[in-house]
Each structure stands twice: as structure tokens, then as C-alpha cells.
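Colleague: This is a predicted model, with the sequence first.
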Amino acid sequence: MRMNPLGRTGETISELCLGTMTYSTQTSTEDAHAQIDMALDHGINILDTAEMYPVNPVRVETTGNSEKVVGEWLAKTGRRNDLLIATKISGAGSKIRDGIPISSGEIVKTVEDSLRRLQTDMIDLYQLHWPNRGSYMFRQNWTYDATQQNKADTIAHIEDVLGEMQRMVDAGKIRHIGLSNESAWGTTQFVNAAEAGKGPRVATVQNEYSLLCRLYDTDMAEMSHNEDVGLLAFSPLATGFLTGKYSDGAIPDASRMTLNPGMGGRDSGRVRTAAEAYVAIAQKHGLHPIHMALAWCRTRPFMASAIFGATNVDQLKVILGSVDVTLSDEILKEIDQTHRLHPMPY
């Protein structure tokens with residue numbers, strides 16, 4: 001398992017990160033605990049969760065249940081020092097807590113709630129799940145309009161949040177901070193504020209990234225390179241489209257598509273054709289499509305870790321095999337050609 005820098009913290013994280021958004025719904029507590037054990041045994045040292053998890057669907061009554069499952073594992077095993085725990089405050093884009101925006105006051109409450117559910121006294125990476133001002137992620141890039149933003153309000157918000165984050169760091173309740181669903185401009189404003197002494201420096205940004213969603217390749221990639229803020233890529237398997245399980249119109253029982261038919265707007269008229277093209281490359285070269293998709297993430301210079309979700313341990317076993325795969329120049333060339341033919345299919 002390759003290890004990558006966690007921003008400028010001096011720490012490293014594994015190239016794969018165990019995601020938990022199905023824990024307590026699609027994934028039972030017993031299976032979830034077995035997944036965490038297996039992931040750690042194979043060199044994964046970071047786990048990502050959030051106060052709004054589980055998803056599919058997001059419900060107020062299930063808020064925090066995935067964190068609880070992780071907390072039960074920590075209490076049972078006592079292996080707190082064996083992994084980094086990343087979680088998130090949801091904010092206005094979450095559909096929970098009445099859509100209250102992120103602020104210093106909300107952070108005070110949500111950190112304590114997450115610590116209680118996780119049964120720990122410290123969060124390794126605390127992330128802002130959505131910017132208060134809005135985001136172009138989750139297919140909103142097609143109609144994104146930044147003209148309604150107020151720069152002064154955004155800067156004031158950043159300084160307010162960083163000030164509270166620093167107090168949390170000083171109190172030993174969090175160690176590092178990250179962003180999610182952010183833009184290049186937004187991330188650099190957080191970095192600039194930190195360098196001006198307003199609070200801790202952002203270590204990571206968690207945005208969607210896969211062979212089918214490459215918004216990160218331009219401005220965000222430049223930001224990552226110059227500011228040492230690595231990507232925690234969510235949906236690196238494109239919610240399953242890159243696994244091959246939806247090929248030829250198949251919808252396996254208990255798959256995500258059975259719970260979310262539109263796949264959050266990803267199931268567009270072009271996505272299946274694009275996904276089939278990538279699956280065909282993998283098959284041509286004798287690779288599992290999952291292994292190719294995740295091995296490709298490893299080639300990206302800005303990648304800190306790719307966050308994957310496994311409904312069960314059998315899926316996890318397949319995913320872990322990706323670390324043994326290195327893509328040839330021929331495969332990488334075919335991937336680039338396919339990307340040009342099928343840019344941003346959703």
C-alpha cells in the first residue's frame with residue numbers, strides 16, 4: 001500500500017481510504033467491523049465518515065449512524081491509534097439539521113456530537129462537507145453561477161471557521177482540517193487565511209473524481225500542486241459504473257441503483273457508453289475494471305487517497321487487489337483517448 005503526504009502536516013495516508021457511507025443501512029454493523037479489520041490488515045490507515053451518513057437515502061433519523069458503527073468498532077477493539085479518522089460537518093447543503101450553514105457555533109456542537117458517536121476524544125481530519133456559498137459539484141457545474149456570492153461575507157466566514165478550528169486544535173479535539181466539494185478559489189482563500197494566522201492550514205479537499213468525472217484536472221490540480229493540498233477522491237468507481245456491474249443495462253439486486261435509480265444525476269444518456277468504453281479497456285488487457293479505475297487514480301499527481309465504499313467484505317477483497325496493479329503506458333494512452341471521446345459524461 002503506497003503512502004502519500006497529508007498536505008503539509010508531515011503525516012502520510014494510504015492511497016486507498018475506507019468509506020463508510022453505507023454503514024448501518026446497506027452494510028450491517030458486523031460486516032462493517034470486518035471491513036475495518038481487513039482494511040487495516042492490508043495497510044489502509046484512514047477511514048472517512050460524516051455526520052450525515054448513511055446515505056441512499058439521507059434521512060434525518062439516521063444522521064450519525066455510520067459514525068456510531070465506527071465508534072462501536074473503536075470501543076470493541078481499542079485500536080484507535082491504528083488509523084486516522086476523517087469526518088465532516090454537513091452544513092447547508094446536507095438536508096439535515098434544517099440546512100443550517102456552517103459557522104463557528106455549529107462546529108462547537110457538531111464536533112462534540114461526532115466525538116460522542118465515534119467514542120473517541122479526537123478527530124484526525126475534520127472537513128467542511130459543503131461551502132456555505134454553494135458548490136458546482138454533484139452535477140451543478142452545468143448551471144453554476146458565482147455572481148450571487150459576496151466576497152467579504154465568504155472571507156469573514158472562512159476566518160470565523162478557522163478561528164474555531166484553531167480552538168479545537170488547541171483543545172486536542174481535532175488535529176487537521178479539510179474541505180469538501182470546494183473550488184480552487186475557495187480552497188486558496190482558506191490557505192491564504194491560514195497563512196495570515198487565522199487558523200490551521202487545509203490539508204486536503206474531498207471532491208468527486210474518477211475516469212468519468214475529471215473536473216479536478218485543471219484549476220484544482222494546479223491548486224493542489226502549488227499549495228500542497230491533496231485530493232481525497234470520492235466516487236473513484238463512479239458509483240459503480242466503472243465496476244462493470246451495470247453493463248448491458250444490468251441492475252444487480254441490492255446495488256446502489258436499486259436504491260437510487262438516477263444515481264444522483266449521474267445516469268445520463270452518455271454515461272453508460274463512456275463507462276462501457278473504460279470497462280472494455282480493462283477487459284482487453286486482462287484487468288478487473290475496478291483494479292484499473294483505482295490504479296489509474298494512483299497515477300494522478302494530486303491524489304492523496306481514493307475513498308471507496310464496499311457494501312460487504314467480498315467487495316472489499318476485490319478492491320484491495322487494485323494496489324498490486326500498475327498500468328502500462330499503452331493502457332494510459334487508451335484511457336486518455338477514451339477521455340477525449342467521452343469528456344464529462346455526467
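Modeller: Ah, there it is.

Colleague: For the stretch 51-200 of the chain, just list every one of the strands.
Modeller: 84-89, 123-128, 174-180 (DSSP state E, counting those that start in this stretch).

Colleague: Outside of the second one itself, list whatever touches it.
Modeller: Residues external to strand 123-128 that are found in contact with it (CB atoms under 8 Å, 6 or more residues apart in numbering): 6, 46, 50, 84-89, 91, 102, 111, 114-115, 161, 165, 168, 173-180, 182, 203-204, 206. The way it works is simple: take the backbone N, C-alpha and C, and place the C-beta from them, glycine included.

Colleague: What strands flank it, and is each parallel or antiparallel?
Modeller: Strand 123-128 sits in its sheet next to strand 84-89 (parallel), strand 174-180 (parallel), going by DSSP bridges.

Colleague: Centre of the chain to that strand, how far?
Modeller: Averaged C-alpha coordinates place strand 123-128 at 12 Å from its chain's average position (CA atoms, centre = their mean, to the nearest Å).

Colleague: Mind listing what's buried along stretch 101-110?
Modeller: 102-104, 106-107, 110 (16 or more other CB atoms under 10 Å).

Colleague: Nearest to Val323, out of the strands paired with strand 123-128?
Modeller: strand 84-89 (17.9 Å; CB to CB).

Colleague: Excluding chain neighbours, what is closest to Leu316?
Modeller: Ala310 (4.0 Å; CB to CB, 6 or more residues apart in numbering).

Colleague: did I read that right, that neighbour in a strand?
Modeller: No: when classified by DSSP: H, G, I helix; E, B strand; the rest coil, Ala310 is found to be coil rather than part of a strand.

Colleague: Let's see the pLDDT reported for it.
Modeller: Note for Ala310: predicted pLDDT of 96.

Colleague: Also the one 5 residues further on?
Modeller: In the predicted model, Gln315 carries a pLDDT score of 96.

Colleague: repeat for Phe138
Modeller: 83.

Colleague: from memory it sits against Gly264, does it?
Modeller: Yes: the criterion here is CB atoms under 8 Å, and Phe138 meets it with Gly264 at 6.4 Å.

Colleague: sorry, back to before: looking at the strands paired with strand 123-128, which one is packed in the most?
Modeller: strand 84-89 (a mean of 26; mean count of other CB atoms under 10 Å).

Colleague: Just the CA atoms of it, as CSV, please.
Modeller: What follows is strand 84-89, C-alpha atoms only, in CSV (Å, rounded to 0.1, in the frame of the first residue of the first chain):
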residue,chain,number,x,y,z
LEU,A,84,-6.8,8.2,11.1
ILE,A,85,-10.5,9.1,11.3
ALA,A,86,-11.9,11.7,9.0
THR,A,87,-15.4,13.1,9.4
LYS,A,88,-17.4,16.1,8.3
ILE,A,89,-19.8,18.8,9.4
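
Colleague: In contact with Met303, which residues are there?
Modeller: Met303 neighbours (CB under 8 Å, 6+ apart): 4, 15, 230-231, 233, 297.

Colleague: Verify the stated contact: Tyr278 with Pro289.
Modeller: Yes: assessed by CB under 8 Å, Tyr278 is found in contact with Pro289 at 6.9 Å.

Colleague: quick one: common contacting residues for those two?
Modeller: Leu242.

Colleague: between those two, who's got more neighbours?
Modeller: Neighbours were counted for Tyr278 and for Pro289 using other CB atoms under 10 Å; Tyr278 has more, 25 against 22.
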